[in-house]
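*Asks:* The following comprises the amino acid sequence and a computationally predicted model.
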Amino acid sequence: MTGGKMREFLAKLDTRPQTIGLFVSHSGYDDGALTVIRRSVATKTVVRFDRADIDNLFLHRTDLGDLFSEKLRDVYDHLFERDDQT
């Protein structure tokens with residue numbers, strides 16, 4: 001996934017306050033996409049699923065709710081760790 005595609009996705013969240021975005025990319029995320037997400041972290045919550053997550057869901061029968069909750073906790077943990085360091 002590229003930074004341009006991620007910007008398009010995040011723009012859709014602008015009109016939806018307090019919405020959690022879920023982005024699934026089997027091919028992964030390039031540096032541009034990750035930069036776009038990092039820059040938007042103060043105003044938007046984005047949960048990313050990649051190939052490993054998809055494999056866990058379908059091959060290892062991981063519970064979708066559990067995986068989503070774990071990924072969401074990771075996003076919030078990153079936010080709070082970042083705030084503690086500033």
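*Replies:* Noted; the coordinates are in hand.
*Asks:* So which bits of the longest helix along the chain are buried?
*Replies:* As assigned by DSSP state H, the longest helix anywhere in the chain is helix 64-85. Within helix 64-85, the residues scored as buried using 16 or more other Cβ atoms under 10 Å are Leu67. (C-beta placed from N, C-alpha, C; glycine too.)
*Asks:* Quick one: list the elements packing against the least confident helix or strand in the chain by mean pLDDT.
*Replies:* Lowest mean confidence among the helices and strands of the chain (mean pLDDT, DSSP states H and E): helix 64-85, at a mean of 80. Secondary-structure packing of helix 64-85 (3 or more Cβ pairs under 8 Å, 6 or more residues apart in numbering; DSSP states H and E): strand 45-49, helix 51-58.
*Asks:* and the angle for the last one with strand 45-49?
*Replies:* The reference is to helix 51-58. 70 degrees (axes from the mean of the first three to the mean of the last three Cα atoms, to 10 degrees).
*Asks:* Distance of the nearest residue to Lys44 once chain neighbours are set aside relative to Asp30?
*Replies:* With sequence-adjacent residues excluded and distances taken as Cβ to Cβ, 6 or more residues apart in numbering, Lys44 is closest to Leu13, at 5.3 Å. In this view, Leu13 and Asp30 are 20 Å apart by Cβ to Cβ, to the nearest Å.
*Asks:* now this protein, which segments are flagged as low pLDDT?
*Replies:* Within the chain, the stretches with pLDDT under 70 are 79, 81-86.
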